[in-house]
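Enquirer: Provided below are the primary sequence and the corresponding predicted coordinates.
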Amino acid sequence: MHRLESMSNPIQIAVVGTGYVGLVAAVCFVEMGHSVVCVDIDEAKIAALKSGHTLIHELHLPELLERYRNTRIRFTTNLAEAICASDAIFIAVGTPQSETGDADLSYVESVAREIASSLTTYKVIVEKSTVPVYTNEWIRRTIESNGIARSLFDVVSNPEFLREGTAVTDFLHPDRIVVGSDSEAAAALLERIYAPLTSGAYYDRPGAIPGRCTATSPPPLLLTSTKSAELIKHASNAFLALKISFINTVSNLCEATDANIEQVARGMGLDNRIGPRFLSPGIGYGGSCFPKDIAAFRYVAEQLGIDFNLLAEVEKINTEQKKRFLARVRSALGTLSGKRIAVLGLAFKGGTDDVRESPAIDLVELLLAEGCSIAAFDPAAMQRAQEEVPAGPQMQYVDDAYTAAANADALLVLTDWPQFAAIDLKLLHHAMKVPIVVDGRNLFDPKVMQQYGFTYISIGRPSVQHSRALELAASQTF
Ligand code: UDX
Ligand code: UDX
């Protein structure tokens, strides 16, 4: 398709579910030139979105929503009306983990049934939520079993690969767009939807969100079968989680041998076959995707009689990594009970307010159970964190890193916010009772920390001790 043509070929799209994935997808489709109606069953959410509140912390999202709020994006709780008005219906409702580990598809099912009750003309239904292989077929059968003729719809798999915090840029500058379709007509519609990106036209537009793709280097669109697309999503997330568990284990080896994980990861990452990304050691992966997707993928393999115990190991290493971090805090402090701990970071990673499956929250809970008192700060996730761990006599939420550090026996870095790396170390040192920093995200240079008088323990790198800090810690032990 010609570049200009691809920018002036708007499609009517409905996005069902306005969470982290649905809302970003919707706003980006509008940015690409399409018209979108967003549907959610949560009336309060729809009301907030109508008045311009994005409700989630996501770079570029507020400005894009504001730009299009009164033009090509609208919000409703009326799914039937949205279906009627659209050519493509993207399902982006949550697919949480069920008790047995598999993905709970009940929200997807209820949306599929509602779509079935409103179909009168041909529509393409797109599964955007992360779902197990065969879900596409299952959605198709669900709709058919509601008496809808096969000629009236197709179901396509179009998995998302967005990272929270950089989701808008990831959407508009993807490494690849995967479209799993067993129908040529449906695949053609998806190709038209993504044409502003794949043709490169979007990147030439004034005011386009900047990123790695350009008009001369646009993203590829990979057409696959529906089952392959479903497997690509789960396999990609599982592989990334595996990479993290792998580097975390190597970081433990570094600690045991006094080697340095930064050097090891760099040496590995320079090998093009391995690549440098997702080799940052830490306190384990979290978030709304990796934990549940690895469990769901393992469940799928089990159901199909495929031994994928490798994934069980990935999960086990991830759990152990948090315990290992706690053990290191304990050994730095002598005993945990009664200690005042400053916590920097509550979100599952920097750049987001999301605390779902956050290893930082898990560690806060473990520390509270050990009898610590905590003063915590996060630039974006304070409100959501308080819903998980309410404030109380032992759990204080404070307004900045220095207040958190005030009179602390140790400071823990649990989320990789860039602002933490830019902290004034002199002020921080001054605020603390005992200058011990245990960094679960390797944000600081050990040598610099030593110069500022900290005892500094990080992941997979030699610790530095400062004698004054050690003296103070020893005097506080009993
Ligand atoms: C998404 C994907 O859908 C999930 O499969 C993926 O693995 C992670 O990201 P996310 O956007 O994070 O989930 O979910 P959430 O923030 O919970 O948003 C889902 C939205 O769907 C909510 O606003 C909810 O109110 C809405 N919803 C849910 C509906 O509109 N209808 C329903 O039947 C159920
Ligand atoms: C992930 C996938 O990256 C994305 O493609 C998919 O669509 C949704 O799930 P997200 O959950 O937003 O995205 O975060 P991601 O950046 O992948 O990080 C996940 C977890 O791994 C975080 O807790 C993060 O801190 C941790 N992580 C990541 C590491 O510990 N080390 C790394 O090198 C990278």
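Expert: That came in fine, so what should we check first? Numbering: from 1, shown residues only. Ligands and ions are numbered 1, 2, ... in the order given.

Enquirer: Check what pLDDT the spatially closest residue to residue 219 that is not a sequence neighbour gets.
Expert: Spatial nearest neighbour of residue 219, excluding adjacent residues (CB to CB, 6 or more residues apart in numbering): residue 174 at 4.8 Å. The way it works is simple: take the backbone N, C-alpha and C, and place the C-beta from them, glycine included. Note for residue 174: predicted pLDDT of 98.

Enquirer: quick one: residue 174 is in a helix?
Expert: No. Counting by DSSP: H, G, I helix; E, B strand; the rest coil, residue 174 is located in no helix; its state is coil.

Enquirer: Do I have it right that it meets residue 197?
Expert: Yes. Using CB atoms under 8 Å, residue 174 is in contact with residue 197, at 7.3 Å.

Enquirer: tell me, what's touching those two both at once?
Expert: Jointly contacting residue 174 and residue 197 under the rule CB atoms under 8 Å, 6 or more residues apart in numbering are 213, 219.

Enquirer: Next to ligand 2, which bits of the chain? Give me the list.
Expert: Residues of the chain found near ligand 2 (CB under 6 Å from any ligand atom) are 160-164, 237, 240, 244, 278-280, 282, 285-287, 289-290, 348-349.

Enquirer: Mind giving me the ChimeraX command for buried ones among those residues?
Expert: The following ChimeraX line selects those of these that are buried, judged by 16 or more other CB atoms under 10 Å:
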select :160,161,162,164,237,240,244,278,279,280,282,285,286,287,289,290,348,349
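
Enquirer: Leaving out the residues flanking it, which one is nearest to residue 385?
Expert: Excluding the flanking residues, the one nearest residue 385 by CB to CB, 6+ apart is residue 346, at 4.1 Å.

Enquirer: Tell me which helix or strand the one you found sits in.
Expert: Assessed by DSSP states H and E, residue 346 sits outside every helix and strand.

Enquirer: now swap in residue 375 and tell me
Expert: Per DSSP H and E: residue 375 is located in strand 373-377.

Enquirer: and what of residue 223?
Expert: Assigned by DSSP H and E, residue 223 belongs to strand 221-224.

Enquirer: Over to residue 13?
Expert: According to DSSP H and E, residue 13 maps onto strand 12-16.

Enquirer: and the very next helix or strand once past that strand with strand 12-16, angle?
Expert: Following strand 12-16 in sequence order, the next helix or strand is helix 20-31 (DSSP H and E). Calculated by axes from the mean of the first three to the mean of the last three CA atoms, to 10 degrees, helix 20-31 forms an angle of 170 degrees with strand 12-16.

Enquirer: Show me what helix 20-31 is packed up against.
Expert: The contact analysis (3 or more CB pairs under 8 Å, 6 or more residues apart in numbering; DSSP states H and E) places helix 20-31 against strand 12-16, strand 35-39, helix 61-68, strand 73-76, strand 88-91, helix 167-172.

Enquirer: what do you get if the cut-off is 6 Å, keeping everything else the same?
Expert: strand 12-16, strand 35-39, helix 61-68, helix 167-172 (3 or more CB pairs under 6 Å, 6 or more residues apart in numbering; DSSP states H and E).

Enquirer: Can I get these in a markdown table including mean neighbour count?
Expert: Output for those, formatted as a markdown table (neighbours: other CB atoms under 10 Å):
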| stretch | mean neighbour count |
| --- | --- |
| strand 12-16 | 26 |
| strand 35-39 | 25 |
| helix 61-68 | 16 |
| helix 167-172 | 22 |
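
Enquirer: just to revisit the earlier point, quick check: mean pLDDT across the strand holding residue 13?
Expert: Looking at strand 12-16 alone, the average pLDDT works out to 98.

Enquirer: now that strand against strand 35-39, angle please.
Expert: Using the same axes, to 10 degrees: strand 12-16 against strand 35-39 is 20 degrees.

Enquirer: What is the burial count for the closest residue to residue 147 other than its chain neighbours?
Expert: Ranked by CB to CB, 6+ apart and with sequence neighbours excluded, the top spatial neighbour of residue 147 is residue 116, at 7.6 Å. Residue 116: 20 surrounding residues under other CB atoms under 10 Å.

Enquirer: Quick check, residue 116 in contact with residue 143.
Expert: Yes. Shown here, residue 116 and residue 143 form a contact pair, counting by CB atoms under 6 Å, at 4.4 Å.

Enquirer: tell me the pLDDT at residue 101?
Expert: If you check residue 101, the pLDDT there is 84.

Enquirer: How about the one 3 residues further on?
Expert: The pLDDT attached to residue 104 in the predicted structure is 92.

Enquirer: quick one, phi psi at it?
Expert: Note on residue 104: backbone dihedrals following degrees, to the nearest 10 are phi -80, psi 110.

Enquirer: contacting residues for it?
Expert: 96, 98 (CB atoms under 6 Å, 6 or more residues apart in numbering).

Enquirer: run the last query once more with 7 Å
Expert: Taking CB atoms under 7 Å, 6 or more residues apart in numbering, we find residue 104 in contact with 95, 96, 97, 98.

Enquirer: filter the residues you listed to the buried ones?
Expert: Counted by 16+ other CB under 10 Å, the contacts of residue 104 give 95, 97 as buried.

Enquirer: So which of the contacts of residue 104 would count as near ligand 1 as well?
Expert: Contacts with ligand 1 are made by residue 95 out of the contacts of residue 104, judged by CB under 6 Å from any ligand atom.

Enquirer: Which member of the contacts of residue 104 is positioned nearest ligand 1?
Expert: residue 95 (3.8 Å; CB to the nearest ligand atom).

Enquirer: Quick check, that closest one in contact with residue 106.
Expert: No. Look at residue 95 against residue 106 with CB atoms under 7 Å: they stay out of range, at 9.2 Å.

Enquirer: What segments of the stretch 51-200 of the chain are helices?
Expert: 61-68, 79-84, 106-118, 135-145, 167-172, 184-198 (DSSP state H, counting those that start in this stretch).

Enquirer: Report the angle between the first one and helix 20-31.
Expert: In other words, helix 61-68. Going by the same axes, to 10 degrees, helix 61-68 makes 40 degrees with helix 20-31.

Enquirer: With that, I have no additional questions.
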